[in-house]
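>>> I'd like to go over a predicted model; first the sequence, then the structure.
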Amino acid sequence: MVLNDLALKIINEVRKLIHEDIIIINTDGIIIASTDSARTGTFHEGSLLAINQGKTFIITTEDEKRLKGVKAGINLPIFFQNEMVGVIGITGNPETISPFGEMLRRMTELLIRENYYTDQIDITQRSLETFVFDWIQLDEWDDSFLERSHMLHIDLTLGRQVIVFEWENKNNIPLDIRQIILDLTNKQNGELSIRWGNNRLLVLIVADKLSNRSQINKIVQGIQSFLQNRLNLPVSVGVGQTMPPKLLSKSYHQAIRSLKVSLKTKTIIFDEDLTIDLILQELSHDVKNTFLNRTIAPILAEQDLLLTIQEFIRQNQSLKMTASSLHIHINTLLYRLNKITELTKLNPRDIHDLCKIYIGISLLDDSTKRHLF
């Protein structure tokens, strides 16, 4: 079965080294892959001789007349975990191709081993993903859950802190997330790293009484920097608070709501730092959309006005600093602020109206923009 799944890959890889016809044969003597597609599925009697003898079998032009389904060349048995799993055959003049034989056999066995261990890593990763998903979802731990924790060597007596990393989901960028997780795991000290969808990574840090905010931030920055270097993409980060094992879901949801803020601010966000966003994240889409329609909806299509009010808030209502930052004359700024008042019926220089505008801007995201009006 190992060989069946890999046969075509082996053919393609080996073909890069030599141009002769190559066949892969299973232990029943059936060709399961070949550079000559017409031979796939046919019986190869010479391979059975190589299997029975457990060594390389050379097929001559004379053998072509007496053995079924063969062509002159060499057949080399393939071993995996000390067990013969098949044969690789090379068609051609035995004297010409024999020097390649041992090299190709070793390469084939290496590909089989590499694929096997990759599969084992994938199985472990999928098991971890499923376990953590259940850990977050389950209200009670049953015997099956506890047994899986032992199999995966996860200590359920330790408090943990959930961190969620997210990057832009670009389909045209080939990402080997498995290798990234492996490399990241090797750099960490006991943290669990789990793929969470196509463009998220979940990291569970073990609570340590000696750890403080500065140390946690250093760990988070280190992982963020590692991911950004490997992905060549900006990475947003939401950090939940440390929770006892049975309240891991709480830390997870804290990390998710922190991540939503991080996607806007482009900075690492800790849940414990959330204030107004703590409230805004809990609002339903209907409430958000209704509020936006009653406040800043009229200026969402006016890019200059939207950028102006955002900068006005950022500059703490300073006309001089806002005009300077936007590289516009102060009279232009005053015109834009008056235009905002005209369209929204909210005066940016009135603290109560400005609060409404600020909340409206804070509520903006792609989903609310799509559902407006």
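Looks like it came in fine. Residues are numbered from 1 along each chain as shown.

>>> Any regions of the stretch 201-350 of the chain where pLDDT drops low?
Scanning the stretch 201-350 of the chain with the threshold set as pLDDT under 70 gives 209-211.

>>> how close does Thr130 get to Ile180?
20 Å (Cβ to Cβ, to the nearest Å). In short, each C-beta sits where N, CA and C put it, glycine included.

>>> If you count surrounding residues, which of the two has more?
Ile180 (17 against 13; other Cβ atoms under 10 Å).

>>> My reading is that that one lies in a helix. Confirm?
Yes - under DSSP: H, G, I helix; E, B strand; the rest coil, Ile180 sits within a helix.

>>> Can you name the next helix or strand after the helix or strand hosting Asp134?
Element membership for Asp134 (DSSP states H and E) is helix 94-137. Downstream of helix 94-137, the first helix or strand assigned by DSSP H and E is helix 143-151.

>>> Check the offset of that following helix from the chain's centre.
Relative to its parent chain, helix 143-151 has a centroid offset of 25 Å by Cα atoms, centre = their mean, to the nearest Å.

>>> Repeat that for stretch 149-157.
23 Å.

>>> per-residue confidence averaged over that stretch?
Mean pLDDT, stretch 149-157: 91.

>>> Residues touching the helix or strand Thr332 falls within, excluding its own?
Assigned by DSSP H and E, Thr332 belongs to helix 330-344. Here helix 330-344 makes contact (Cβ atoms under 8 Å, 6 or more residues apart in numbering) with 295-296, 298-299, 302, 304-305, 308-309, 312, 319-320, 322-323, 326, 346-349, 357.

>>> Now do the domain split for this protein, please.
Structural domains of the chain, as assigned by automatic domain parsing, span the residue ranges 2-111, 157-280, 285-371.

>>> mind putting the ones you listed in TSV, distance to Gln137 included?
TSV is the format used below for the domains of the chain (distance: least, Cβ to Cβ, whole Å):
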stretch	distance to Gln137
domain 2-111	33
domain 157-280	7
domain 285-371	23
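
>>> How about Leu307: what's its closest non-neighbour residue?
Leu326 (7.3 Å; Cβ to Cβ, 6 or more residues apart in numbering).

>>> List phi and psi for that neighbour.
phi -90, psi -10 (degrees, to the nearest 10).

>>> picking up where we left off before, can you say which of the domains of the chain is nearest to Thr124?
domain 157-280 (10.2 Å; Cβ to Cβ).

>>> Quick one: end-to-end length of the closest one, please.
This stretch, domain 157-280, spans 34 Å end to end (Cα to Cα, to the nearest Å).

>>> picking that back up, nearest to Gln125, of the domains of the chain?
Once the domains of the chain are compared by Cβ to Cβ, domain 157-280 is nearest, at 6.6 Å.

>>> State the distance from the residue in the chain sticking out farthest from the centre to Gly360.
When distances are taken from the C-alpha mean of the chain, Glu62 lies farthest, 55.2 Å away, according to Cα atoms, centre = their mean. Going from Glu62 to Gly360 by Cβ to Cβ gives 88 Å.
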